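K.L.:
Okay, structure incoming, though there's no sequence with it:
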């Protein structure tokens with residue numbers, strides 16, 4: 001009976017004690033931008049240090065560009081070659097070549113006239129029986145040969161005077177366009193050997209040292225963006241429906257006296273643990289969902305990594 005008298009006051013005291021508010025735990029985070037190497041090259045220079053504030057466009061480090069500069073020089077030469085070929089086709093043949101073709105036509109015409117006259121004379125002699133038919137056949141062959149040479153020279157002159165075919169010129173234009181595009185690509189690759197900040201922030205990590213060779217797509221710099229941090233917490237499964245996206249919640253940050261008002265921005269569609277095919281209510285209650293909560297601008301100076309707690313008392317807007 002005496003023990004019962006002692007237990008009753010203890011139960012009454014426990015009933016008066018406030019119950020601890022359930023909380024979701026996590027840390028402050030900032031957007032992290034990972035910059036990767038575009039080539040398998042050696043780091044020639046590192047221009048920043050970890051923890052340094054940088055702005056968009058600032059140079060962070062440079063990779064060796066010897067090989068890429070050679071490719072740019074080759075692409076430049078190919079473009080010059082393509083441009084020269086197109087110019088040649090557009091300008092047509094040299095005036096000296098056209099003049100030479102004209103002279104060849106004139107010579108062939110004179111020869112044809114002479115052979116034609118010679119054939120007529122011999123034909124008259126044969127008709128008068130003063131020459132043999134064999135001589136007439138020989139004169140006829142020479143005349144026909146002279147006529148063929150004249151026609152050939154005339155066609156050559158026409159070809160040189162008309163210029164190149166339109167199809168050849170279009171091919172040359174296409175080759176020049178391809179050469180220009182290739183040069184632009186190689187120049188772009190050259191510029192990408194200088195790694196620059198893609199947004200304002202703080203250099204969080206430089207995984208490699210000067211003189212090291214980095215693989216293609218290897219992360220060479222990580223920037224923590226200069227934005228207001230957000231709370232990254234794990235929301236228990238039973239409360240996911242209670243705190244939909246847009247809900248206002250109270251966030252406690254270690255080292256900050258006053259709690260902050262945050263807004264649920266995103267909730268993962270999948271739990272952070274692999275689910276079974278059939279789970280009891282008790283099993284499901286152990287699942288948690290990764291959640292991101294935006295904080296007010298007053299938290300912009302807080303560093304990432306600080307532990308946070310989010311009240312889950314069911315009271316939110």
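P.N.:
Perfect, thanks for sending it. Worth saying up front: this structure is predicted, and the values here are computed from it rather than measured.

K.L.:
Let me know the next secondary structure element after the longest helix along the chain.
P.N.:
Counting by DSSP state H, the longest helix found in the chain is helix 95-127. Heading C-terminal from helix 95-127, the first helix or strand you meet, by DSSP states H and E, is helix 133-162.

K.L.:
and the angle for that following helix with helix 95-127?
P.N.:
160 degrees (axes from the mean of the first three to the mean of the last three C-alpha atoms, to 10 degrees).

K.L.:
Which secondary structure elements does helix 133-162 sit against?
P.N.:
helix 95-127 (3 or more C-beta pairs under 8 Å, 6 or more residues apart in numbering; DSSP states H and E). For every residue, glycine as well, the C-beta is placed using N, CA and C.

K.L.:
Quick one: end-to-end distance for stretch 291-309.
P.N.:
End-to-end span of stretch 291-309 (C-alpha to C-alpha, to the nearest Å): 12 Å.

K.L.:
what mean pLDDT does it have?
P.N.:
Mean pLDDT, stretch 291-309: 92.

K.L.:
Can you give the contact residues for that stretch?
P.N.:
23-30, 224, 227-235, 243, 249, 251-256, 260-268, 310 (C-beta atoms under 8 Å, 6 or more residues apart in numbering).

K.L.:
and if you look at stretch 227-235?
P.N.:
Against stretch 227-235 from outside (C-beta under 8 Å, 6+ apart): 24-31, 243, 251, 262, 265, 267, 272, 288-297, 299-300, 302-304, 308, 310, 312.

K.L.:
and the contacts of stretch 291-309, which are buried?
P.N.:
Those of the contacts of stretch 291-309 that meet the buried threshold are 23-24, 26, 28-30, 224, 228-235, 243, 249, 251-253, 260, 262-264, 267, 310, by 16 or more other C-beta atoms under 10 Å.

K.L.:
Figure out how far the longest helix of the chain is from the centre of its chain.
P.N.:
With C-alpha atoms, centre = their mean, to the nearest Å as the basis, helix 95-127 stands 67 Å off its chain's centre.

K.L.:
Who are the packing partners of that helix?
P.N.:
Helix 95-127 packs on helix 133-162, going by 3+ C-beta pairs under 8 Å, 6+ apart.

K.L.:
And the helix it packs on, how far out from the chain middle?
P.N.:
Distance, stretch centre to chain centre, for helix 133-162: 62 Å (C-alpha atoms, centre = their mean).

K.L.:
ok, now stretch 76-92?
P.N.:
For stretch 76-92, the distance to the chain centre is 29 Å (C-alpha atoms, centre = their mean).

K.L.:
Same check on stretch 207-220?
P.N.:
Distance, centroid of stretch 207-220 to centroid of chain: 20 Å (C-alpha atoms, centre = their mean).

K.L.:
Just the terminal-to-terminal distance for it.
P.N.:
6 Å.

K.L.:
list the buried ones in it?
P.N.:
For stretch 207-220, a neighbour-count test (16+ other C-beta under 10 Å) marks 208, 214, 220 as buried.

K.L.:
Which single one of the residues you listed is nearest to residue 106?
P.N.:
residue 214 (71.2 Å; C-beta to C-beta).

K.L.:
Test my guess that that closest one contacts residue 46.
P.N.:
No - using C-beta atoms under 8 Å, residue 214 is not in contact with residue 46, being 11.5 Å away.
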